[in-house]
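> all I have is the shape, not the residue letters:
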């Protein structure tokens, strides 16, 4: 009798569904997965080690590059840890701006997720629909920070700049006529808040559009219902957070359970699933987009009515205004010190976490009193999710592995760090 | 001037007569083949362009618009690019099978056109068993895919050919049964007779009495050509590109030519078998002699285009089935549906009820 061996398939690191550089060694019996062994480390950039050799404020930009689809939320976790260690207050306006951009980031992340997840399952049109909306939100990023992806916008004690009064405009070119440009610029006439308000009005209809394509689609349901079921107990034991945990029916959300910034003043709901399968996680994330939209609306209303500073006036941490620096000796010294050696954190350690679009994103800082962290440890949600790959994929078929990778919303920037 | 043309014609005729009679038939057939294949290849090239444009607009983007006016030359540029690329043969592949597989894929896709009537009497060979011939050839096409997957000696490719093998068996049966329904309705296997049997306006097309079979046939056709949502053989996000993952250059292009030729073939067959081919939908509705009521190649083309559009539309809309779900759909839904409907149809014909008996005319 011939020896029966499992079929070993090297899924990735170069693979259309590998979401970056996931290397998955699959042992299969025909098409059925017997064992899934994820390998990591192909995108390791030593962010944590790098942070040890740089002044605190210079590492903010590295945080953007961890989970490169939810940039500002990463910054938020890092900045929050520093603030906790320094025990400083953030002006309320800055808190609202942060919350608003956290939610914009959540929508950005979920849009990319819905696009790639659907693309993996074969519905490629979703991908381009999602990118249409992402474009508007990235314009908001650009307006506020100058960068469309890696914003480096949050600062310990607030945010870098106040919201702009005008939006960047499209310009006439060889390819687009004046009429086309005027149409594109139609909602860019006012301030950033006007632009975002217009977006929040349009967005629910877009989500309806995605749901028309997917939610009741029989093929979509066949591909996601009962795939990769995780029970609430297992989800907790595996260290799941975010939509992965809520999809299993556990209503755990740091925004509600450990409110940071101004989340306790805002009105929003936490969607939870019942079965803990891919379809439930899909529904949870879609609903989260709608909830985020609600939060953005409330933030816009508050920000319109209330003015104020957006960065702490403690110039040991935040740079003084440029005009002050030109005339005031002390400000000049502050400026010089901040941009050469940065600031020092008191000795001690702190852990701060935010509800990142993918789950709990936390930064654990140990300071020895210097201007650089003694150690920075980033707790990323994706790592725990990827670790459950074997458990989730076992017994399913090859095509389901793709759906499971999609539902885990894996981004290798954060897992490999 | 006229003299010159006359001279040319007479010399031409002399040369023609100089050939022996059997050579003349051979040359005539070759000419006809070229007359069919060249427009077909142009159609294949431009259906790729249409696909990119149509799906592009469905996905709120523009599609190819740089090569030539409005991107019209894009397929030609693609063909040129693929022609000049190296065909890489993997070291551990079965070299001969690797090279013969694309040929096996495209041969039946082109040969099936021999019995497709484009208009009344416009057909290369009007064989009596035309439908059987088409069914046989479309099944052979799968050998190219299976052999390609096997010869590549790649894990993704072999998975793909296993999937294709199983899928084609399931859908070939459903497709065959659907065609039996058409044969029962028309009482003939000859393509032209089947179309003529549907004469008499839109209401006498076979799509109405054979509605379930029409859906089964067209969906099986989509599955047969490995198109979305049944494209598990290619499965971009699962098995990368499936059976043609190791192919490059023209060998790769040939698979695509075969795929698109098959799309056009299935669209044309659906138009011929269920929608009355070249017969006008307005027959009997407008006064006799009006161009709308006259049957012509235009109607055949329009109907085939509609089905080809459906192929592209499906691709832009649906997620991909999983392999076992495709099998379930084939074996547990389509085959029972066809069997039941064949039974119903048989009863109706024997009992001489309704449109079923009327359409045969024989009973």
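Sure thing, it's come through. Remember, it's a predicted structure, so these values are computed and weren't measured experimentally.

> so, low pLDDT: which residues of the chain?
The chain I'm using is chain A. A:1-4 (pLDDT under 70).

> um, chain B though
In chain B (pLDDT under 70), the answer is B:1, B:288-289, B:354-363.

> secondary structure class of the residue in it positioned nearest to chain A, three-state.
Across chain B, no residue is closer to chain A than residue B:320, which sits at 2.7 Å (CB to the nearest CB). The C-beta positions use only the backbone N, C-alpha and C, and glycine is treated the same way. Assigned by DSSP: H, G, I helix; E, B strand; the rest coil, the conformation of residue B:320 is coil.

> once you drop chain neighbours, what's closest to it?
residue A:122 (2.7 Å; CB to CB, 6 or more residues apart in numbering or on different chains).

> phi, psi of that neighbour?
Dihedral pair for residue A:122: phi 110, psi -10, per degrees, to the nearest 10.

> pull the distance from the host helix or strand of residue B:15 to the chain's centre.
Using DSSP states H and E, the element containing residue B:15 is helix B:2-18. With CA atoms, centre = their mean, to the nearest Å as the basis, helix B:2-18 stands 40 Å off its chain's centre.

> just the helices in the stretch 1-150 of chain A please.
A:47-51, A:60-64, A:71-86, A:92-121, A:125-145 (DSSP state H, counting those that start in this stretch).

> how close does the residue of chain A found nearest chain B sit to residue B:75?
Closest approach between chain A and chain B, counting by CB to the nearest CB: residue A:122, at 2.7 Å. In this view, residue A:122 and residue B:75 are 25 Å apart by CB to CB, to the nearest Å.

> those two: which has the busier surroundings?
A direct count of neighbours by other CB atoms under 10 Å in any protein chain shown for residue A:122 and residue B:75 places residue A:122 higher, at 28 against 21.

> how about the residues of the stretch 101-250 of chain A near chain B?
A:118-125, A:128-129, A:132, A:213-214, A:217, A:219-220, A:222-223 (CB under 8 Å from any CB of the partner chain).

> turn the helices of the stretch 1-150 of chain A into TSV, including mean neighbour count and distance to residue B:38.
TSV is the format used below for the helices of the stretch 1-150 of chain A (neighbours: other CB atoms under 10 Å in any protein chain shown; distance: least, CB to CB, whole Å):
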stretch	mean neighbour count	distance to residue B:38
helix A:47-51	17	60
helix A:60-64	22	56
helix A:71-86	26	54
helix A:92-121	25	37
helix A:125-145	19	34
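
> save these as JSON lines, and put in distance to residue B:62 too.
Converted to JSON lines, these look like this (distance: least, CB to CB, whole Å):
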{"stretch": "helix A:47-51", "distance to residue B:62": "39"}
{"stretch": "helix A:60-64", "distance to residue B:62": "31"}
{"stretch": "helix A:71-86", "distance to residue B:62": "29"}
{"stretch": "helix A:92-121", "distance to residue B:62": "19"}
{"stretch": "helix A:125-145", "distance to residue B:62": "11"}
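
> list the buried residues for the host helix or strand of residue B:255?
Assigned by DSSP H and E, residue B:255 belongs to helix B:249-274. Across helix B:249-274, burial judged by 16 or more other CB atoms under 10 Å in any protein chain shown covers B:250-274.

> ditto for stretch A:236-255
Buried, per 16+ other CB under 10 Å, within stretch A:236-255: A:238-250, A:252-255.

> now residue A:198. Nearest residue, chain neighbours left out?
Residue A:198 sits nearest to residue A:187 (CB to CB, 6+ apart), 4.4 Å away.

> how near is that neighbour to residue A:179?
From residue A:187 over to residue A:179 the distance is 16 Å, taken as CB to CB.

> name the residue in the two with the higher neighbour count.
Taking other CB under 10 Å, residue A:187 and residue A:179 do not tie; residue A:187 has more neighbours (18 against 9).

> dump the residue contacts of that one.
Shown in contact with residue A:187 (CB atoms under 8 Å, 6 or more residues apart in numbering or on different chains): A:194, A:195, A:198, A:199.

> cool, residue B:106 as well?
Counting by CB under 8 Å, 6+ apart, residue B:106 has contacts B:144, B:254, B:255, B:257, B:258, B:261.

> kindly recompute the last result at 6 Å.
Going by CB atoms under 6 Å, 6 or more residues apart in numbering or on different chains, residue B:106 touches B:254, B:257, B:258.

> coming back round to it: so which of the buried residues of stretch A:236-255 sit within helices?
Counting by DSSP state H, the part of the buried residues of stretch A:236-255 found in helices is A:243, A:244, A:245, A:246, A:247, A:254, A:255.
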